[in-house]
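*Asks:* For reference, the sequence and a predicted model appear below.
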Amino acid sequence: MEETDPDHEGSEEKGTNPVVVILVGAPGSGKSTFCNDVIGAGRRPWVRVCQDTIASGKAGTKSQCLKSATDALKDGKSVFIDRCNLDKEQRSEFVKLGGERVDMHAVVLDLPAKLCISRSVKRTGHEGKLQGGKAAAVVNRMLQKKELPKLNEGFLRITFCQDENDVKDAVKTYGALGPSDRLATGIFGQKKQDSKVQLGIMKFLKKVETPDKLCDVNNKISDGIAAPKLESQMNDPCSMDIEKENKVTEDVGKKELLEESSRGDGSIHVLTLAFPSISTADFQFNHEKASDIIIDSVSDFLSKVDNGRLVLVDLSHKSHILSLVRAKAAKKNIDQKRFLTHVGDITQLCSKGGLQCDVIANAANWRLKPGGGGVNAAIYKAAGEALETATKERADTLNPGSSVAIPLPSTSPLYQKEKVTHVIHVLGPNMNPQRPNCLENDYLEGCKVLRNAYSSLFENFASIIQSQRNIKESNGNSRYGCSELPNNVAEESNNNKFSYGDQKSKRGGFDESERKKKAKPEHKEKQKDEKIDPKRTWGAWAEALHQIAMHPEKHKDAVIEVSDDLVILNDLYPKAKKHILVLSRFPGLDSLADVRREHLPQLKEMHAVGLKWIEKSQNDDASLIFRLGYHSVPSMRQLHLHVISQDFESAHLKNKKHWNSFTTYFFCDSADVVEEIDMYGSARLNDDEKLMSMELRCHRCRSAHPNIPRLKAHISNCKASFPSTLLQNGRLVFASSKAINPS
DNA sequence: GTTCTAGAAC
DNA sequence: GTTCTAGAAC
């Protein structure tokens, strides 16, 4: 995730600079409490400059605050600017206090508006004199103008807090800051792209996209079902009114469902599919667009299939996508008995939610593997090994926009406890550049894929309903347990007996071969394609490695070691303290794209040679951490494995491309490559050139930085632990304990 | 004025 | 891959 571990991002560089922390937050956001908590920790001398109390306990002027801050800094004290500072202009004078000798930070208390309001309303005798009923109006008005701080205003570090836990972490971080400690620079604690916070960051990163217009969303919901009130204008995407209103809709639906489920002996039980919103969480698909697609797909299903019920499930009452879908479903008069939304855990719908769902959809990954996070991890965990085994029997991989239904063995806890008979794995489009197959904001394609995903999911569900019906008709009631349904219901969606024909024609332009090209899990296709595509041509400068591989004896100065198959050499322009290349000597192996199963032994050898060299290197310096991998599209001809230490301390690391080629999915970890070649016969490349122009993020704590020099300043000090994905599958190589303690 | 990026040439 | 440099950003 984006957030840093407060335990790791703490003091990391010694210096004597005092720090000015500008608090940014509405009344009631907890600015004064924050200051007091940090000051109370007593690790360094702080002065809190509060405009509400600066004139002998009364409200004062901005210039009084500036003077007070300047005086404190002269005394070597650090300063909190405790005023709202909600827009850039309000902050600008204070930012000027920063400079060579003074570090300028911002801490943004971006808590839900309703929380700030309720605190403001409750407080009596607060220094700001903002009490009672006026508070709500004032807070709302102030939040309208909210303009979150950016690094380019002059901040070295910005910490965003969006809930109480974030605040606690920030208090801990600043509270632990000793007189000569300095904090890591950059942006910390930024959340998903659906908040106003991100808009500021997007601008700072010069990527002016338009994230969900939350205010518009609120207005639209209001138009549809609830009269707009003051609160509905708050920045909080789930304002109180809307939440309340939707809960009513939800409860009505649930009540009716429960009534129907409990009718008699189950013979009337309506088969129900529970599904999460596809692609809107980690895959960052636009909620507005996704909700439209859900509504369309649901309507389509309900009109074509006369049986079966659909439930959209999300974990939180605050779910933005659930709010949107509810509102739109109400507006479109969708049958509440056949489609409802539910807040709860999709793996405990029967036991905890009182909702028996025979079929649940899983937001799967393309490998159909457990783990990751969110719904996929939860479902695999809840279903136990039985689901893994059953899935493996049916399919190896999944293309975006498709689904596969898996009958759940009766041994699965999900079957036993929750009465789930089938899990349908479905894969939607990905808009998250940090995940494979990112569509890079191509919503034309994205919407198409998401529609395909839902129609495939619902087709699979329709097949299950039909099979169930067939069984009942031919065998009398429930001779089969649901998990013993014939295999045909588990095939990839298309051979169902329902009138989805027109659906298929809607898919025009996205046929199977195209899907495979996009999704790439079917690697066999690729070899055919390559016969059509002429091989890439290389510039003269790009032939250097090839020359070395073919004639290592002519380049003795560059080469460390030569064997019949491999050459090891120092990278001529190392991008870290240690950076070597393990070069294949096979003719015809220009890059990873050429590698096939027959090259697997050599790939394993390259990996082993790399590991051996790492071990040697770590004997000299046990603090070095290495990563081994290939560039998806190398600049130089002849397959070469990069073995690079993760300090990235090098004058040769100069630009965005250098950084991103080693720290994004463009870099294919050797361990993964070996696995992929073994399983699919070719490696999965992430060759989207947009990966090279991605924002600069620390490879450890994932904080964002405006340019290369600032990024390098940050990484030279960042001690945060690595993201969990890098800690898996041997992607990072740490010194063995033997090397650290050579006893 | 200085710093930084990005595109062209090699 | 690097170097060079115009011009954008600060």
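*Replies:* Thanks, I have it. Residues are numbered from 1 along each chain as shown, chains lettered A, B, ... in the order given.
*Asks:* Would you mind confirming that A:D52 makes contact with A:T61?
*Replies:* No. Assessed by CB atoms under 8 Å, A:D52 is found out of contact with A:T61, at 11.7 Å. For glycine as for every other residue, the C-beta is placed from the backbone atoms N, C-alpha and C.
*Asks:* In terms of neighbours, single out the busier of the two.
*Replies:* Ranked by neighbour count (other CB atoms under 10 Å), A:D52 and A:T61 place A:D52 first, with 18 against 11.
*Asks:* Please report phi then psi for the more buried one.
*Replies:* Dihedral pair for A:D52: phi -70, psi -20, per degrees, to the nearest 10.
*Asks:* Determine the longest helix present in chain A.
*Replies:* helix A:443-475 (DSSP state H).
*Asks:* Return the distance of that helix from the chain's centre.
*Replies:* Helix A:443-475 sits 28 Å away from the centroid of its parent chain (CA atoms, centre = their mean, to the nearest Å).
*Asks:* before we move on, what about stretch A:547-560?
*Replies:* A distance of 43 Å separates the C-alpha centroid of stretch A:547-560 from that of its chain, computed with CA atoms, centre = their mean.
*Asks:* Likewise for stretch A:56-73?
*Replies:* 42 Å.
*Asks:* pLDDT on it, on average?
*Replies:* For stretch A:56-73, the mean per-residue pLDDT is 87.
*Asks:* Ok, stretch A:420-427 next?
*Replies:* 94.
*Asks:* Only C-alpha atoms, please: export it in PDB.
*Replies:* Output of stretch A:420-427 as PDB, limited to C-alpha atoms (Å, rounded to 0.1, in the frame of the first residue of the first chain):
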ATOM      1  CA  VAL A 420     -21.900 -21.700  -1.100                       C
ATOM      2  CA  THR A 421     -21.900 -24.200  -4.000                       C
ATOM      3  CA  HIS A 422     -20.000 -22.300  -6.600                       C
ATOM      4  CA  VAL A 423     -17.300 -19.600  -6.800                       C
ATOM      5  CA  ILE A 424     -17.100 -17.700 -10.100                       C
ATOM      6  CA  HIS A 425     -13.700 -16.200 -10.600                       C
ATOM      7  CA  VAL A 426     -13.900 -13.000 -12.600                       C
ATOM      8  CA  LEU A 427     -11.200 -10.700 -13.800                       C
END
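*Asks:* tell me how far it is from the chain's mean position?
*Replies:* 23 Å.
*Asks:* again with stretch A:172-184
*Replies:* Mean C-alpha position of stretch A:172-184 versus that of the full chain (CA atoms, centre = their mean) differs by 28 Å.
*Asks:* Any buried residues in it, and which?
*Replies:* For stretch A:172-184, a neighbour-count test (16 or more other CB atoms under 10 Å) marks A:172-177, A:181-184 as buried.
*Asks:* Just the ones of those in strands?
*Replies:* A:181-182 (DSSP state E).
*Asks:* Need the buried residues of stretch A:172-184 in CSV (columns: distance to A:K604 and pLDDT).
*Replies:* Below are the buried residues of stretch A:172-184 laid out as CSV (distance: CB to CB, whole Å; pLDDT from 0 to 100):
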residue, distance to A:K604, pLDDT
A:K172, 45, 94
A:T173, 44, 93
A:Y174, 49, 94
A:G175, 50, 94
A:A176, 46, 93
A:L177, 48, 93
A:D181, 46, 87
A:R182, 44, 87
A:L183, 43, 86
A:A184, 38, 85
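*Asks:* May I see the buried residues of stretch A:172-184 organised as CSV, with distance to A:M104 added?
*Replies:* Converted to CSV, the buried residues of stretch A:172-184 look like this (distance: CB to CB, whole Å):
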residue, distance to A:M104
A:K172, 21
A:T173, 16
A:Y174, 14
A:G175, 19
A:A176, 20
A:L177, 14
A:D181, 16
A:R182, 12
A:L183, 12
A:A184, 14
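*Asks:* So which bits of chain A are right by DNA strand B?
*Replies:* Chain A comes close to DNA strand B at residues A:539-541, A:655-656, A:693, A:707-710, as judged by CB under 7 Å from any atom of the strand.
*Asks:* Which elements pack onto the one helix or strand A:S297 maps to?
*Replies:* Using DSSP states H and E, the element containing A:S297 is helix A:287-304. In terms of contacts (3 or more CB pairs under 8 Å, 6 or more residues apart in numbering; DSSP states H and E), helix A:287-304 is packed against strand A:309-314, helix A:320-331, helix A:443-475.
*Asks:* If anything else comes up later, I'll come back, but that's it for now.
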